[in-house]
Structures are given as C-alpha cells and as structure tokens.
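Participant: Fold the following.
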Amino acid sequence: MTEIPGVSYVMPVLNEAEYLEEAVRSILTQDYDGQKELVIALGPSSDATNTVAARLAADDPRIILVDNPKGHTPIALNLAVRKSSHPIVMRVDAHSELPADYTRRGIETLYRVGAHDVGGLMDARGRTPVQRAIAAAYHSKFGFGGPAYHSGAPEGESESAYLGIFRREIFDEVGYYDENMWRAQDWELCLRIRQAGYKVWFDPELKVGYYPRDSFKALARQSYASGTWRGEIARRFPEGKSLRHDIPPLLLAGVLSGVVAMAVAPLTRGRVPRSIQLLIDSARLAPIVYTGATLAAGLKSNAHSFQEKIMAAGAFQTIHLPWAAGYVKGRLFGAGNTLDKGRVK
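Facilitator: Sure, this is the predicted structure:
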C-alpha cells in the first residue's frame, strides 16, 4: 500500500435514534489519515432516526443520506455502496462503536494478508442489566456455538466476516449483496468472494463494540429470524450445511418432548407398558437438564452481577430455542419473507 486510500463507511439504519449519534461519532473520529465519508441508508423508521440523521448530515458534509423505503438491509447496503466513492468500503452498524484504530488496523490487515474482505470480533456490551446479560451470552461459546466473531479465534481465513472491510473492486467482480437475502446476506456475499478465489479474513484484534437487543422479546425475534435465514442458507447452498447447526433443532425437539412427557406422565402411569412409561419418565429430564446447563453457563459467563448471570441463563434459552425453530422452518420451507422485527417499534 503506497498511499493512504479513502474509506467509504456504509450504514443501514432503522429505528436507531438512541444509538445513531454515538455510532457516527465513533466512525468520523477514527484515527486514520485517509479521506472518509459515511453513507447512511435510511429505512422507514418510526422513531426520530431520520431527524437525527438529517441533523448530523447538516453538521458534517462527509455524511451522505440515501433513502431506503423498503427498509431491507441488503437493499440499504447496495444503495449505500453505489452512492459511495472511495476504494475501501466498510460496512458499519448503528448499534456498534468502532475503536479509534479500527479503520487503520483493518486496512493494514486487508493489504498485509492479501484479503478482499476482513472482519473482526463482535464485542457485545450493554447499557442496562438485561442488555449486559444478553451481551454476556453473546460472548459465551455456549450461546452461539463457535462463530469466531462472537467468541474469538486465531487470526486466519474465515467463512464469513462480521460487518466487513472490502476492497471496492470486489463488488464489480462478484456482484453486490443479494437483495433477496433479507438476513445472512454477508455470508452469501462472502461465499461468492471465496468461490472467486479471494480471501475472507478474521482478525481478532479488530474489536467492534456492539449493543445487542435490549429485551428478551426483541432477542427472541432476532434469534428466530437468524435461524430461519441460516436454514435458508443450508437449504440453498451445500457449503452452508454444518453439523453444529443441527444441534439446536435436536435440542428443541428434546425440550418439547420433555414438556409433553411432563404433561402426560401422570395420565399414563399404570396404563401403559413399563418400558413406555420408563421412556416417558426419561424424556421428562430433557428440559430439566437443559435448564441446568443454561444456568451453569450463565453463572460461568462474564456477566457482572449474580442477577445478570441468572438473566444470561435466560438469554441462552432465548437464543437457542427460537433460533432452532426458525432453522427448521428455513430448512423445510425456506425463509420466505421472514424479517427480524426486533428493531421495529
């Protein structure tokens, strides 16, 4: 890299009035000497997001606003990328905060390893006890089962990248985000990048502060949508199948069977063969064992207080079970029009 390239940050937003200004500040104050611009794609927010964005853009000419009336993330990203002008494109999120050296480190890594897409670690954090508990679940391998950007991994080539720092020319070669992938569009784009013979790279030193959903209801909606689109990926792409994705549906089946067994056990006792009764009684243990496992994981999590550790145990269940239900739906029937409604007011 002989000269410092300019950077275009692209940000889809929807109902982010509480977080947008802080996220924008963390972007435009980056410790990076190259030119910067931030293209914000405005969805049909029902809060004051668009007002906040308009005020920020009026105060700083580096902020460019584009309308995204459909509100879908891949459409927003494509609108923003097409409106941008610099040779480096960085996807950013209104619920994230970039450390001061994020841009410099990311571009150095991009050129150092010869990658075309680089991502780092999602450093989940919270402002409220519930959000901190959910963040603790994000950090635990028990929560998401191993993606590098959640719980960390050594630096190296990766299946996908959190957010993504791109060489602009990659969009000209492999195409833009698939606008039919309302979620998991980053994974699908990374697949095309890898299929074209280029590197997608994980750098654990790139830590992005991320504020997860701030209620269990919103987390459940997000988990269900994520699972559904992960099922769509497995349904559509051979590369998208993984044995670890089959574990949550098996867990869900076990828990549901156990709940049913608890209900019917008193009714069947003495009325069915002993072997069947033993099977029913054994099935009742599944939800008990799972609840114990989530409680143990919550107590071992990095949540700050005992109360937050107990809530982290609930967050694990709110991640696992809706995700599993969504995954089954996506595998069998496709994702269809499934949306993440966790940010919708």
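Participant: So which residues of the stretch 151-300 of the chain form strands?
Facilitator: With strands called from DSSP state E, counting those that start in this stretch, the stretch 151-300 of the chain shows them at 156-157, 165-167, 200-210.
Participant: wait, which of those strands is closest to residue 131?
Facilitator: Residue 131 lies closest to strand 200-210 among the strands of the stretch 151-300 of the chain, at 10.6 Å (CB to CB). The way it works is simple: take the backbone N, C-alpha and C, and place the C-beta from them, glycine included.
Participant: now the closest one: mean pLDDT?
Facilitator: Mean pLDDT, strand 200-210: 92.
Participant: strands paired with that strand, and their directions?
Facilitator: Here strand 200-210 is paired, per DSSP bridges, with strand 96-97 (antiparallel), strand 117-124 (parallel), strand 156-157 (antiparallel).
Participant: hmm, back to that, any idea which of the strands of the stretch 151-300 of the chain is most buried?
Facilitator: strand 165-167 (a mean of 25; mean count of other CB atoms under 10 Å).
Participant: now for that strand, which elements pack on it?
Facilitator: Applying 3 or more CB pairs under 8 Å, 6 or more residues apart in numbering; DSSP states H and E, one finds that strand 165-167 contacts strand 88-91, helix 102-112, strand 117-124.
Participant: Partner strands of the shortest one, with direction?
Facilitator: Each strand paired with strand 88-91, and its direction, by DSSP bridges: strand 7-13 (parallel), strand 165-167 (antiparallel).
Participant: Distance to residue 177 for these - can I get that in JSON lines?
Facilitator: Rendered in JSON lines, the data for those read as follows (distance: least, CB to CB, whole Å):
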{"stretch": "strand 7-13", "distance to residue 177": "10"}
{"stretch": "strand 165-167", "distance to residue 177": "11"}
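Participant: what ranges do the helices span in the stretch 101-250 of the chain?
Facilitator: Here the stretch 101-250 of the chain has its helices, by DSSP state H, counting those that start in this stretch, at 102-112, 129-139, 141-144, 148-151, 169-174, 185-195, 216-236, 247-268.
Participant: that older thread, JSON lines for the helices and strands packed on strand 165-167, including mean neighbour count and distance to residue 162?
Facilitator: Shown next, in JSON lines, are the helices and strands packed on strand 165-167 (neighbours: other CB atoms under 10 Å; distance: least, CB to CB, whole Å):
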{"stretch": "strand 88-91", "mean neighbour count": "24", "distance to residue 162": "9"}
{"stretch": "helix 102-112", "mean neighbour count": "20", "distance to residue 162": "11"}
{"stretch": "strand 117-124", "mean neighbour count": "24", "distance to residue 162": "4"}
